[in-house]
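A.B. asks: what's the 3D shape of this:
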Amino acid sequence: MLREFLISLAELDTSGLSVDHLFIDDNPEDQSSELLRSFRTEGKSLVIRAGTQGEYQRDEVTHRWREDLIWKVAGFKDVILRHALEKGYDYAFLVDSDLVLAPPTLKQLLAAEKAIVAEVFWTRWTPGSPELPQVWLRDQYDLVPRRREEQLSQTEADQRVRQFLELLRKPGLYEVGGLGACTLISRQALAAGVSFKEVPNVSFWGEDRHFCIRAAALGFGLFVDTHHPAYHIYRLSDLGGVPGYKAQSAAPEARPVSGGGGPRADFVERQHLVQLAEEIIEAFGTSDYRDSPNTTWAEYFLPERRKALIEAALSATLEAKEKKTISLARVGRSRMVEIGPKEILVECEVISEGTERRRPFREQFLGRVLAVRQTDEWKIAEMSFEEQRSQAVPEVAAARPSGSGITLSMLVRNEADRYLPLVLAHARRYVDAAVILDDASDDGTPDLCREILEGIPTTIVSNKTPSFGNEIKLRKQQWQLTVDSGAELILNLDADEVFEDRAVTELASLTQNPDLDYWAFSLYDLWDLRHYREDPHWQAHRFPRIFLVRYRPRFGYKWRETPQHCGRFPMNIGDSRGKISDLRLKHLGWASAADRVHKYRRYKELDPAGRWGDKAQYESILDRNPRLIKFV
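C.D. replies: Below is the predicted model of the structure:
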């Protein structure tokens, strides 16, 4: 997050301005502190090291602010305001470090000629909720335009909120009652005494509200500009949307920083170099770093070749049947070492999980990329991989799971040479039992299930003839087998669905509440092993669906009686009490071109008129240039 934030600062159009930077370094990680120290622009850059006190907890659901943390941050912000005032600056521009700014942002805010003005950004404050702005009209977070004594029905209030939000989507400058996180404050306001210090007789939560109340009391209007909305990396998963945002918000009139020399151009170039090294190492880790193709590394810095080469490395895993290897690699920590003015070494710690000839494995290796500057551009001179640890997953997971009480329920058919080994090896780390319905496989799938799930109570039933053209029959059979096994907590995964790693430690605690009957998760359709698809036809991840249920014998379960797209659970499970979790699932079933062609033909054969599904979505499966976002 910090890297993307700093790159966007360096890419701001500051032509004709004198801009310095002041950072409060409250990082617990050395890698983040080093990023701040390496930040370079034409102006001065000052880093004030804060003593990190109090853990700031945030996850894929929300950020968890405690009262002591709020006022710690308020103190940091006031340090910046005092510095700006004492050193004679015309403005202080306060920006939260989980934002990415469009290049014209600063000049747009200056053009507003307001004492206090913020740039808007939009956030889903909880998973599945609508996007809302960081500005409001009054009180804690009131978005309803109204006169002081005006009484409104709930319907009218809701309508006005919608109108206000629609207004903020239109480019303009609007007066509001509260703002924060991306705010330009003039010297006039600084000299008048605006600050984030607590107003003792106000109970509202958050330092920004106290700042806004004090500013209003001092006579300053609060305004929001909506010409160039910032991008909020509120969750780690939002990192994947940064490239798309930057492509949309690129301003041709902004002064370019790459290729033009100077400190900030150098900083941006080097950070892009690290990102590119990570991308290449992930690609080769995914395609199997031990069998890297013999390629001239310099080609990776030719934009017209880079994408094709990386895609080739990824698809080699999925399409080369003789390898029978599938792996998912992800970079953990990375660091940049400057060997000299024209040589940079990027080191990345990588974890790779996968299957090789039907055997699951988990590896840890170190990837190194040596880049050398030749004339005006960097070239990759060398790449190497060093294995640090390699283990077969069943040996790692030989011990019984820690009492989650979860039974894995799965429907399979001829999955032995696809993703099933990877999925089962991961799932056995957090389930207590398994029920597998095999729909007449002829590739050894049942034996593979027994082998990987050894040591876990497992029921496997194989049909003599396949019924894949009648999903409702199979789903009912799968459900009944699982219920008959005595399962209480039923996790229904397909053979190409795998949780992110956190599930191993978090699923058991998630199910501790006996009053909940289901848990819903977001499912991301991966279009290769590192990117998911998002467009009007592919938005499954925006709508959490039920994968885990608590079986209640007296509940009247009812099914959607359709031969396709009937659902993996009874249709009325959602009528009970449940919870949306922030744990994410990766759907690997679309990740190769061969898989997509197969599914397209299958849907066209079984549902040609789109009677049970979305015909337009069927047709979009073979789109040549889908919109892809990196899964982080």
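A.B. asks: what helix or strand is Cys449 located in?
C.D. replies: helix 445-452 (DSSP states H and E).
A.B. asks: er, Ile213 I mean
C.D. replies: Per DSSP H and E: helix 207-217 holds Ile213.
A.B. asks: what of Ile580?
C.D. replies: strand 578-587.
A.B. asks: hey, C-alpha coordinates of that strand in PDB?
C.D. replies: C-alpha atoms of strand 578-587 as PDB (Å, rounded to 0.1, in the frame of the first residue of the first chain):
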ATOM      1  CA  GLY A 578     -25.900 -15.900   9.100                       C
ATOM      2  CA  LYS A 579     -22.900 -13.800   8.600                       C
ATOM      3  CA  ILE A 580     -20.800 -12.400   5.800                       C
ATOM      4  CA  SER A 581     -17.100 -13.300   6.300                       C
ATOM      5  CA  ASP A 582     -14.100 -11.400   4.800                       C
ATOM      6  CA  LEU A 583     -12.300 -14.700   4.000                       C
ATOM      7  CA  ARG A 584     -12.000 -15.000   0.200                       C
ATOM      8  CA  LEU A 585     -12.200 -18.000  -2.100                       C
ATOM      9  CA  LYS A 586     -10.300 -18.300  -5.400                       C
ATOM     10  CA  HIS A 587     -12.200 -20.000  -8.200                       C
END
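A.B. asks: and whichever helix or strand comes after it, C-alpha only, in CSV?
C.D. replies: Counting by DSSP H and E, the next helix or strand C-terminal to strand 578-587 is helix 593-606. Extracted in CSV, the C-alpha atoms of helix 593-606 (Å, rounded to 0.1, in the frame of the first residue of the first chain):
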residue,chain,number,x,y,z
ALA,A,593,-8.0,-21.0,-22.0
ALA,A,594,-8.7,-24.7,-22.3
ASP,A,595,-11.0,-24.6,-19.3
ARG,A,596,-12.9,-21.6,-20.7
VAL,A,597,-13.4,-23.2,-24.1
HIS,A,598,-14.6,-26.4,-22.4
LYS,A,599,-17.1,-24.6,-20.2
TYR,A,600,-18.4,-22.4,-23.0
ARG,A,601,-19.2,-25.5,-25.1
ARG,A,602,-20.8,-27.2,-22.1
TYR,A,603,-23.1,-24.3,-21.3
LYS,A,604,-24.0,-23.9,-25.0
GLU,A,605,-24.9,-27.6,-25.1
LEU,A,606,-26.8,-27.9,-21.8
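A.B. asks: picking up where we left off before, what is the helix holding Cys449 packed up against?
C.D. replies: helix 420-427, strand 433-438, strand 458-462 (3 or more Cβ pairs under 8 Å, 6 or more residues apart in numbering; DSSP states H and E). No exception for glycine: its C-beta is placed from N, CA and C like everyone else's.
A.B. asks: can you lay out these as TSV showing distance to Thr445?
C.D. replies: Shown next, in TSV, are the helices and strands packed on helix 445-452 (distance: least, Cβ to Cβ, whole Å):
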stretch	distance to Thr445
helix 420-427	7
strand 433-438	6
strand 458-462	9
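A.B. asks: out of these, which gets nearest to Asp528?
C.D. replies: helix 420-427 (15.2 Å; Cβ to Cβ).
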